[in-house]
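Q: Take a look and give me a structure for this.
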Amino acid sequence: MRTALTIAGSDSGGGAGIQADLKTFAALGVYGTSAVTALTAQNTVAVTGVHVVPPAFIVAQIDAVVTDLGCDAVKTGMLGTAANVEAVAAAILRHRLPNPVVDPVMVAKSGDHLLAADAVDAMRRALVPVARLVTPNVPEAEVLSGMTIRSLEDAVAAARAIRAMGARAVIVKGGHLDRADIVDVLVDGDRVVQISGPRIPGVHTHGTGCTFAAAAAARLALGDDVEAAARAAQAYVREAMRTGVPLGSGHRPLDHQWVSRTASAPAASRYTLGLPVMPLATAISSAPLSVEAAIRAVEGPGSGAVATFVGLVRDHNVGRQVLWLDYEAYAPLAEKALGIIASEAETRWTGARVAIHHRTGRMEIGEASVVIAVATPHRADAFSACRYAIERIKQIVPIWKHEHFEGGEVWIEGATADATDEAAREAALKIACG
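A: Residues are numbered from 1 along each chain as shown. Predicted coordinates for the structure are as follows:
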């Protein structure tokens with residue numbers, strides 16, 4: 001199981017900080033660990049007290065969890081002091097923690113300050129440079145960049161300025177901009193991506209920043225790229241605000257557990273990764289290898305979205321036959337390995353159902369060697385789980401792939417590539433037998 005570490009303050013009201021982070025990790029299917037940086041006495045109205053944890057004890061917590069439980073992503077939140085910022089940055093580097101997501105928490109939703117003034121420079125100098133993704137809101141981006149942000153163009157400029165401090169990617173969240181909708185601006189390398197969504201009115205806003213960063217970290221831990229993680233985080237927060245928990249008299253908490261209720265899942269619809277459905281040859285076992293059959297194996301109540309993939313036999317000499325492994329000898333081993341890969345995907349993505357159909361033997365160029373179908377309650381998970389299965393299957397049924405974007409959708413064209421029977425068998429044995 002994937003793990004994510006939150007290094008943040010405790011919110012006694014349960015709506016933000018490590019409490020929000022751990023709820024988010026659990027909701028998205030990641031095991032959460034924590035290193036507490038501060039204790040706060042707070043509710044939905046105000047922060048009435050703060051007790052900052054010394055740097056040495058924060059580091060001790062980080063050391064304890066990552067050396068035993070592992071870490072596939074780390075999210076930082078409230079750190080409080082410059083000494084804590086520097087200690088956390090050093091620990092991330094020392095342990096080589098993957099996928100650091102930095103939420104530069106400075107002010108609580110109630111308006112109370114949570115970061116010492118001298119810690120901002122430490123954040124720019126020590127923490128931002130180690131980040132895979134920095135997730136400031138507009139006020140935080142203004143402080144970090146020293147710029148005024150009034151438009152999307154300003155947000156892009158600020159994100160680029162923060163990225164120039166060393167971060168690999170920066171997303172300036174658009175909730176504070178005067179717009180009818182929400183537009184988050186992501187700068188990832190040379191790419192600028194605008195991620196739009198409807199604005200959710202109401203008072204359920206406590207912990208939105210913490211939750212966004214935690215959701216992005218969880219998605220990175222599960223294998224998403226930054227853009228996919230940011231899109232999933234925005235969608236998760238939006239629904240958590242919409243379904244909010246009716247508690248408190250101030251900025252009320254989000255409903256982090258909405259994802260576990262099937263009734264809240266998006267309406268069923270099919271999203272296809274791959275090539276159009278085409279006539280496929282029959283496997284030597286006489287069982288048809290088709291996208292439709294794979295989809296039927298995974299669709300059901302709550303399936304939400306279905307992603308599919310077709311891997312084709314490809315060669316320079318179109319029309320000739322190719323012998324792809326010895327069917328009788330290889331099929332049972334391949335089936336066991338593919339079953340394990342399907343189980344892995346179903347474990348990593350909550351509610352996922354995965355079907356992987358495979359054939360070997362003598363095939364015509366352009367015929368299918370593998371078909372994958374993945375059904376999940378949520379569209380982003382269907383894409384991610386399908387990609388995960390593709391990457392694992394490439395070890396035993398090498399797949400050539402090319403990705404491109406068209407109309408906002410991600411398509412993957414795939415085909416088997418040249419590989420030796422011996423290498424494929426060896427990889428399948430490793431998966432099947434550990």
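
Q: Return the helix or strand in the protein with minimum mean pLDDT.
A: Least confident helix or strand of the chain, by mean pLDDT, DSSP states H and E, is strand 269-270 with a mean of 33.

Q: Check which element follows that one along the chain.
A: Using DSSP states H and E, the helix or strand that follows strand 269-270 in sequence is helix 291-298.

Q: Strands of the stretch 201-350 of the chain, start to end?
A: Ranges of strands in the stretch 201-350 of the chain, per DSSP state E, counting those that start in this stretch, are 269-270, 305-313, 321-324.

Q: tell me which residues in stretch 151-164 are buried?
A: Neighbour-count burial for stretch 151-164, counted by 16 or more other Cβ atoms under 10 Å, picks out L152, D154, A155, V156, A157, A158, A159, R160, A161, I162, R163. Just so you know, the C-beta spots here come from the backbone N, C-alpha and C atoms, and that holds for glycine as well.

Q: now the helices for the stretch 251-400 of the chain?
A: Along the stretch 251-400 of the chain, counting by DSSP state H, counting those that start in this stretch, helices occupy 291-298, 327-348, 379-393.

Q: Figure out which of the ones you listed is closest to A4.
A: If you check each of the helices of the stretch 251-400 of the chain against A4 by Cβ to Cβ, helix 327-348 wins as the nearest, at 12.6 Å.

Q: which one of the helices of the stretch 251-400 of the chain has the most crowded surroundings?
A: Burial of those is given as mean neighbour count (mean count of other Cβ atoms under 10 Å); helix 379-393 ranks first at a mean of 23.

Q: Please name every helix or strand in contact with that one.
A: Helices and strands touching helix 379-393, by 3 or more Cβ pairs under 8 Å, 6 or more residues apart in numbering; DSSP states H and E, are helix 226-242, strand 305-313, helix 327-348, strand 353-358, strand 368-376, strand 399-406, strand 409-416.

Q: Send over it as CSV, restricted to the C-alpha atoms.
A: C-alpha atoms of helix 379-393 as CSV (Å, rounded to 0.1, in the frame of the first residue of the first chain):
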residue,chain,number,x,y,z
ARG,A,379,-12.8,9.4,-13.7
ALA,A,380,-9.3,10.5,-12.6
ASP,A,381,-8.8,7.2,-10.9
ALA,A,382,-9.8,5.3,-14.0
PHE,A,383,-7.1,7.1,-16.0
SER,A,384,-4.5,6.6,-13.3
ALA,A,385,-5.2,2.9,-12.6
CYS,A,386,-5.2,2.1,-16.4
ARG,A,387,-1.8,3.8,-16.8
TYR,A,388,-0.5,1.9,-13.8
ALA,A,389,-1.6,-1.4,-15.3
ILE,A,390,0.0,-0.5,-18.6
GLU,A,391,3.4,0.3,-17.0
ARG,A,392,3.4,-3.0,-15.1
ILE,A,393,2.3,-5.0,-18.1
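
Q: just the angle between that helix and helix 226-242, please?
A: Per axes from the mean of the first three to the mean of the last three Cα atoms, to 10 degrees, the angle that helix 379-393 makes with helix 226-242 is 150 degrees.

Q: pLDDT on helix 379-393, on average?
A: For helix 379-393, mean pLDDT rounds to 79.

Q: One more: stretch 233-242?
A: In this model, stretch 233-242 has an average pLDDT of 88.

Q: now it: how far from the chain's centre is it?
A: Its chain's C-alpha centre and that of stretch 233-242 lie 14 Å apart, by Cα atoms, centre = their mean, to the nearest Å.

Q: And for stretch 13-25?
A: Here stretch 13-25 is found 17 Å from its chain centre; the criterion is Cα atoms, centre = their mean.

Q: buried residues in that stretch?
A: Buried residues in stretch 13-25, defined by neighbour count with 16+ other Cβ under 10 Å: 13-25.

Q: what's in contact with that stretch?
A: Here stretch 13-25 makes contact (Cβ atoms under 8 Å, 6 or more residues apart in numbering) with 4, 6, 8-11, 31-32, 34, 36, 40, 42-44, 75, 77-78, 108-109, 206-207, 209-211, 213-215, 217-218, 236, 248, 251-254, 256-257.

Q: Just the buried ones from the residues you listed, in ChimeraX syntax?
A: Buried subset of the contacts of stretch 13-25, written as a ChimeraX selection, criterion 16+ other Cβ under 10 Å:
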select :4,6,8,9,10,11,31,32,34,36,40,42,43,44,75,77,78,108,109,206,207,209,210,211,213,214,215,217,218,236,248,251,252,253,254,256
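
Q: Inside helices: which ones of the contacts of stretch 13-25?
A: Among the contacts of stretch 13-25, DSSP state H puts G209, C210, T211, A213, A214, A215, A217, A218, Y236 in helices.

Q: now, which of the buried residues of stretch 13-25 sits nearest T148?
A: T148 lies nearest to A16 out of the buried residues of stretch 13-25, by Cβ to Cβ, at 26.4 Å.

Q: separation between the closest residue to that closest one other than its chain neighbours and G9?
A: Sequence neighbours aside, G207 is the residue nearest to A16 in space, at 3.5 Å (criterion: Cβ to Cβ, 6 or more residues apart in numbering). According to Cβ to Cβ, to the nearest Å, G207 stands 12 Å off from G9.

Q: the longest strand in the protein is where?
A: strand 31-42 (DSSP state E).

Q: tell me the angle whichever helix or strand comes after that one makes with strand 31-42.
A: Remark: after strand 31-42, the chain's next helix or strand is strand 47-52, criterion DSSP H and E. Interaxial angle, strand 47-52 versus strand 31-42 (the same axes, to 10 degrees): 120 degrees.

Q: what's the spacing between strand 47-52 and its chain's center?
A: Strand 47-52 sits 32 Å away from the centroid of its parent chain (Cα atoms, centre = their mean).

Q: Same question for stretch 65-83.
A: 17 Å.

Q: Export that stretch to PDB, keeping only CA atoms.
A: In PDB, the C-alpha atoms belonging to stretch 65-83 read as follows (Å, rounded to 0.1, in the frame of the first residue of the first chain):
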ATOM      1  CA  VAL A  65       7.800   6.900  10.400                       C
ATOM      2  CA  VAL A  66       9.800   7.000   7.100                       C
ATOM      3  CA  THR A  67      12.400   4.400   8.200                       C
ATOM      4  CA  ASP A  68       9.700   1.900   9.100                       C
ATOM      5  CA  LEU A  69       6.600   2.700   7.100                       C
ATOM      6  CA  GLY A  70       8.100   4.200   4.000                       C
ATOM      7  CA  CYS A  71       6.900   7.300   2.200                       C
ATOM      8  CA  ASP A  72       5.600   7.700  -1.400                       C
ATOM      9  CA  ALA A  73       4.800  11.400  -1.000                       C
ATOM     10  CA  VAL A  74       5.100  14.100   1.700                       C
ATOM     11  CA  LYS A  75       3.000  17.100   2.300                       C
ATOM     12  CA  THR A  76       4.100  20.000   4.500                       C
ATOM     13  CA  GLY A  77       1.700  22.500   6.100                       C
ATOM     14  CA  MET A  78       1.900  24.700   9.100                       C
ATOM     15  CA  LEU A  79       5.600  24.800  10.300                       C
ATOM     16  CA  GLY A  80       5.500  27.900  12.500                       C
ATOM     17  CA  THR A  81       9.100  29.000  12.700                       C
ATOM     18  CA  ALA A  82      12.200  29.500  10.500                       C
ATOM     19  CA  ALA A  83      14.000  26.800  12.500                       C
END
